[in-house]
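Peer 1: Next come a sequence and a model predicted from it.
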Amino acid sequence: MAVFNPFVPSFKANPYLQYGRLRGEDPVHRSIAMQAWILTRYDDCITVLRDAATFSSDGRHAGGQLGEAIREQRAQSPLGEAQTLLSIDPPAHTRMRGIVNRVFTPRRVEELRPRIEEIATELLDAAPSSGGFELMAGLAQPLPVIVIAELLGVPPEDRDRFKTWSNALAATTDVMNSEAVLNEARETTLELIEYFGRFVAERRSAPRDDLISALVAAEEAEQLTTDEILAFAILLLVAGNETTTNLIGNGTLALLDHPEAAAALRADPSRIPAAIEEMLRYDSPVQAVVRIAREPTALGNQTVEAGDVLMIMVGAANHDPNQFPEPAAFQPTREPNRHLSFGMGPHFCLGAPLARLEAEVTFGALLARYPSIGRGEGDPERGGTLLLRGLTKLPLAVG
Ligand code: HEM
């Protein structure tokens, strides 16, 4: 019988083989090691993601030791009762999402396009015009960090601190979190509360045209508490950085393995947005999202109980042959391509338009700048966690 074992090195190298076996033999799989159900079929994943009443995003509903640990962690949280979008359910989620949707508008995102183009140009200007170029440090990591900093309205000079903070928080998405990782995340949260708190106070007396000012306006209209603003700013940092970095890294790796696709995009950049959707599907930056069952429910040929943890393996759903013919093939013009890389249902990624824009600008700039992009010296290095899939090094040979 297939098992889910994310601890073996081969899983990090290629999780899709394990997903495929599970989907075929045991699509609603009870993992003893993870104390969770592992869902690998597209249809089961969307059933759960769409039904927020039965499948909660609030970890406090988890049964057993995990639930206890989460409740204890929350009780000690420096942000008190304030929750983020990611960990609350409707109707509270609907109310908060409505408020942030108003400030995180497509207009505010689209307005960023020229600035994102400038940032990509500046980063590429600093890179060698030919020879070796390490993509992750040179472009994929700094670009999203600078964009989020500017969107929030904090000084871009602080970007190195942003990256350190965002790494410390992203580290908590791994299989098991050591005490050291949790302590570091707590310390980081305290630093971020102080950091963003300063900007919130400043914007109360002198508003600007930035996201923090828009959130402060919602605070003044008594729609958000100060703690909720701080929690949201911190969430953006976690949710928006490593994910977008992973999209740029994983997508570039896919192009290196499919030079004919890279050539087609270089010849006709209007194909880039569709290719980005395929990059998202083919090697998803977020591999799993988590839900807690609120009541006994049948899923596949299993019954999950109230308090059970479900891991919705979107990376696996994206390779389900019932939804995507030839799922292991990278097909940049794939249509339809209803991947689950940004989730689905009420928690659908708030930053999806921004992530798509950043990727479109980045791949456009990269392909226009270099007539040839190949593998550089040294192997790509994998980072990531159980929930996030990405690279820490991707050496390129550009010319
Ligand atoms: C390629 C890049 C990205 C990927 C793959 C991604 C993926 C996801 C996924 C899968 C979810 C759903 C989580 C769930 O259902 O529990 C989500 C939610 C979210 N994402 Fe993203 N994300 C990306 C970029 C961004 C960016 C750039 C931002 C903001 C700057 C962002 C902000 C958020 C927020 C605030 C939520 C919570 C929405 C809610 O719970 O209502 N994401 N993202």
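Peer 2: Received, thanks.
Peer 1: what's the spacing between residue 315 and residue 239?
Peer 2: Residue 315 sits at a distance of 17 Å from residue 239 (criterion: Cβ to Cβ, to the nearest Å). The C-beta positions use only the backbone N, C-alpha and C, and glycine is treated the same way.
Peer 1: element containing the residue most central in space within the chain?
Peer 2: What sits nearest the mean C-alpha location of the chain, by Cα atoms, centre = their mean, is residue 243, with 3.5 Å. Applying DSSP states H and E as the criterion places residue 243 in helix 226-257.
Peer 1: next structured bit after that helix?
Peer 2: Note on helix 226-257: by DSSP H and E, the next helix or strand toward the C-terminus is helix 259-267.
Peer 1: and that following helix with helix 226-257, angle?
Peer 2: Following axes from the mean of the first three to the mean of the last three Cα atoms, to 10 degrees, one obtains 110 degrees for the angle between helix 259-267 and helix 226-257.
Peer 1: Count the residues that sit near the residue of the stretch 101-250 of the chain found nearest the ligand.
Peer 2: Among the residues of the stretch 101-250 of the chain, residue 240 lies closest to the ligand, at 3.0 Å counting by Cβ to the nearest ligand atom. If you count neighbours by other Cβ atoms under 10 Å, residue 240 ends up with 22.
Peer 1: Ok, residue 250 next?
Peer 2: Per other Cβ under 10 Å, the neighbour tally for residue 250 reads 22.
Peer 1: Go ahead and confirm it touches residue 384.
Peer 2: No. Residue 250 is beyond contact range of residue 384, at 9.6 Å (criterion: Cβ atoms under 8 Å).
Peer 1: Would you mind listing the residues touching both of the two?
Peer 2: The contact sets of residue 250 and residue 384 overlap at 390-391 (Cβ atoms under 8 Å, 6 or more residues apart in numbering).
Peer 1: Only C-alpha atoms, please: export stretch 131-144 in PDB.
Peer 2: Provided in PDB are the C-alpha atoms of stretch 131-144 (Å, rounded to 0.1, in the frame of the first residue of the first chain):
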ATOM      1  CA  GLY A 131      28.500  34.400 -18.200                       C
ATOM      2  CA  GLY A 132      27.300  33.100 -14.900                       C
ATOM      3  CA  PHE A 133      24.200  34.500 -13.100                       C
ATOM      4  CA  GLU A 134      22.700  33.000 -10.000                       C
ATOM      5  CA  LEU A 135      19.000  33.700 -10.500                       C
ATOM      6  CA  MET A 136      17.700  33.300  -6.900                       C
ATOM      7  CA  ALA A 137      19.900  35.800  -5.200                       C
ATOM      8  CA  GLY A 138      20.000  38.100  -8.300                       C
ATOM      9  CA  LEU A 139      16.300  38.300  -9.100                       C
ATOM     10  CA  ALA A 140      13.900  35.800  -7.700                       C
ATOM     11  CA  GLN A 141      14.400  36.600  -4.100                       C
ATOM     12  CA  PRO A 142      14.800  40.400  -4.000                       C
ATOM     13  CA  LEU A 143      12.100  41.300  -6.500                       C
ATOM     14  CA  PRO A 144       9.000  40.200  -4.500                       C
END
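Peer 1: Could you give me the buried positions within that stretch?
Peer 2: Using 16 or more other Cβ atoms under 10 Å as the test for burial, stretch 131-144 gives 133-136, 138-144.
Peer 1: Can you flag which of these belong to helices?
Peer 2: 135, 142-144 (DSSP state H).
Peer 1: Can I get those in TSV including distance to the ligand and pLDDT?
Peer 2: Shown next, in TSV, are those (distance: Cβ to the nearest ligand atom, whole Å; pLDDT from 0 to 100):
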residue	distance to the ligand	pLDDT
135	16	98
142	14	94
143	11	96
144	6	95
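Peer 1: Please, which helix or strand holds the residue nearest to residue 337 when sequence neighbours are not counted?
Peer 2: In this structure, residue 337 finds its nearest non-sequential neighbour in residue 277, 4.8 Å apart by Cβ to Cβ, 6 or more residues apart in numbering. Per DSSP H and E, residue 277 falls inside helix 272-282.
Peer 1: Show the subsequent helix or strand relative to that helix.
Peer 2: Sequence order places strand 289-293 as the next helix or strand after helix 272-282, per DSSP H and E.
Peer 1: List of residues touching the helix or strand that that next one is followed by?
Peer 2: Of the helices and strands lying after strand 289-293 in sequence (DSSP H and E), the nearest is strand 297-299. Identification of contacts with strand 297-299 by Cβ under 8 Å, 6+ apart yields 28, 37, 39, 44, 47-48, 54, 303-304.
Peer 1: Pipe those residues into CSV and attach neighbour count per row.
Peer 2: CSV is the format used below for these (neighbours: other Cβ atoms under 10 Å):
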residue, neighbour count
28, 19
37, 24
39, 30
44, 23
47, 17
48, 23
54, 18
303, 12
304, 25
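Peer 1: for those residues, which one is nearest the ligand?
Peer 2: residue 48 (9.8 Å).
Peer 1: show me the contacts for that closest one.
Peer 2: 39, 54-55, 291, 299, 310, 312.
Peer 1: Counting neighbours, which of these comes out on top?
Peer 2: Ranking the contacts of residue 48 using other Cβ under 10 Å puts residue 39 first, with 30 neighbours.
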